[in-house]
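*Asks:* Got a predicted structure here, sequence first:
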Amino acid sequence: MIEVNELTKRYGAKTAVDRLSFTVRPGRVTGFLGPNGAGKTSTLRVLLGLDAPTSGTATVGGVRFRDHPRGLHHAGALLDAGHVHGGRTARAHLAALARSNGIAARRVAEVLEEVGLADAARRRVGGFSLGMRQRLGIATALLGDPPVLIFDEPVNGMDPEGVLWVRRLFRRLAAEGRTVFLSSHLMSEMEQTADDLVVIGQGRLITAESVRDFAARGTRLSVTVVTPRPTELTAVLTTAGATVEPGDGPGDGPEAASGAAATLTVTGLPADRIAALAFEHRVLLHELTTRAATLEEAFMELTADSVEYLAGETR
Ligand SMILES: Nc1ncnc2c1ncn2[C@@H]1O[C@H](COP(=O)(O)OP(=O)(O)OP(=O)(O)O)[C@@H](O)[C@H]1O
């Protein structure tokens, strides 16, 4: 169990985490989501005792991480995969950690096997790809066989096969009853892996709920309509209360100039109502498709107000 209570972390004048509270339960995979700069890493650093909070508390298993005498047995974490001495072999790196944390030496071979690095055990970490470094970071987190696992952007730099592997691993660790907490700035990654979500923006909690509840609440339907008479249909649908926008489709291509069919994206009216209105006004339709917003779109909508740097803006 992870408990964050009224946590605030300031760096000088910058408030990175702002009175944040949430709970992460065992036996589930929880995604920690927010746009870049939302405060995820700052929260995890306090949680792992690497930084002191400005105020509030963050505990793992009811105690502050830095007060726990058996750190790696208590919680395993991957924060920055690049943060490993490049001159050491993977095995030497893990063996040193095992020794200094009182962990049985046989665990080294076990975790290397577990993360698919057994064949690379004697290679220097300096020559590892980012994906391999991520695997080594995960091996480090697993070394003490801890009940709580915390990973910051774990799939960064992994190839598709690596992403599938890591998803299965997280699911299995949760099925074993562990608390699995993963940060990401991509909802698409989390919707495949997580049971629960903690979404933050500008250091504040936006929502904490299950992926299922988020999907049910956040999904907005839109209807794609293709018609050769877009101007007329837009007027009819707008009068009926819909919002109509030009969609991606034939209307945006060179055909548009020749008066060929255009694609519209309609929200606020269901497909059957759009069909009835088009029929009533004798507007021909070539296509009428209902489309659910993806969770990624719902997430972007939810966090839009808290994005620090919008695309196109200079930093
Ligand atoms: N040591 C620091 N000194 C000053 N500001 C910091 C420091 N660390 C983080 N920040 C600022 O705090 C805010 C939150 O950063 P943080 O790295 O926690 O966000 P994040 O959600 O992990 O983002 P990302 O997905 O980009 O890693 C950002 O505006 C960042 O610039």
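*Replies:* Nice, thanks for sending it over. Note that this is a predicted model, so its numbers are computed, not measured.
*Asks:* How many residues are close by Ser222?
*Replies:* Ser222 is flanked by 20 other residues according to other C-beta atoms under 10 Å. Just so you know, the C-beta spots here come from the backbone N, C-alpha and C atoms, and that holds for glycine as well.
*Asks:* what do you get for Thr43?
*Replies:* 27.
*Asks:* And it, how close does it get to the ligand?
*Replies:* According to C-beta to the nearest ligand atom, to the nearest Å, Thr43 stands 7 Å off from the ligand.
*Asks:* Just confirm that residue is within a helix.
*Replies:* Yes: looking at Thr43 with DSSP: H, G, I helix; E, B strand; the rest coil, it is inside a helix.
*Asks:* can you pull the pLDDT of it?
*Replies:* Each residue has a pLDDT score; the one for Thr43 is 96.
*Asks:* ditto for Leu112
*Replies:* Looking at Leu112, the pLDDT reads 96.
*Asks:* now Glu255
*Replies:* 47.
*Asks:* Same question for the one 3 residues further on.
*Replies:* Confidence per residue is given as pLDDT, and for Ser258 that number is 54.
*Asks:* For the nearest residue to Thr234 once chain neighbours are set aside, name its beta-bridge partners.
*Replies:* Leaving aside its chain neighbours, Thr234 sits nearest to Val244 (4.7 Å; criterion: C-beta to C-beta, 6 or more residues apart in numbering). Taking DSSP bridges as the rule, Val244 bridges to Val266.
*Asks:* residues near Val244, how many?
*Replies:* Around Val244 there are 21 residues (other C-beta under 10 Å).
*Asks:* Looks like it contacts Glu232 (just checking).
*Replies:* No: contact criterion C-beta atoms under 8 Å: Val244 and Glu232 do not qualify, at 11.5 Å.
*Asks:* Could you check how many residues crowd around Arg291?
*Replies:* 13.
*Asks:* got it, and Ala77?
*Replies:* Residues near Ala77, counting by other C-beta under 10 Å: 23.
*Asks:* That one contacts Leu143, doesn't it?
*Replies:* No: contact criterion C-beta under 8 Å: Ala77 and Leu143 do not qualify, at 11.0 Å.
*Asks:* Then Glu296 would be within a strand, right?
*Replies:* No: Glu296: not assigned to a strand; according to three-state DSSP it is helix.
*Asks:* can you offset everything so residue one is 433?
*Replies:* All set: I'll call the first residue 433, so the last point we hit is now Glu728.
*Asks:* pLDDT wise, what is it at?
*Replies:* Glu728 is given a pLDDT of 77.
*Asks:* which ones are touching it?
*Replies:* Going by C-beta atoms under 8 Å, 6 or more residues apart in numbering, Glu728 touches 618-620, 623.
*Asks:* Show residues contacting stretch 543-558.
*Replies:* Residues from elsewhere that reach stretch 543-558 (C-beta under 8 Å, 6+ apart): 516-523, 525-526, 541, 560, 564-565, 567-568, 570-572, 574-575, 597, 601.
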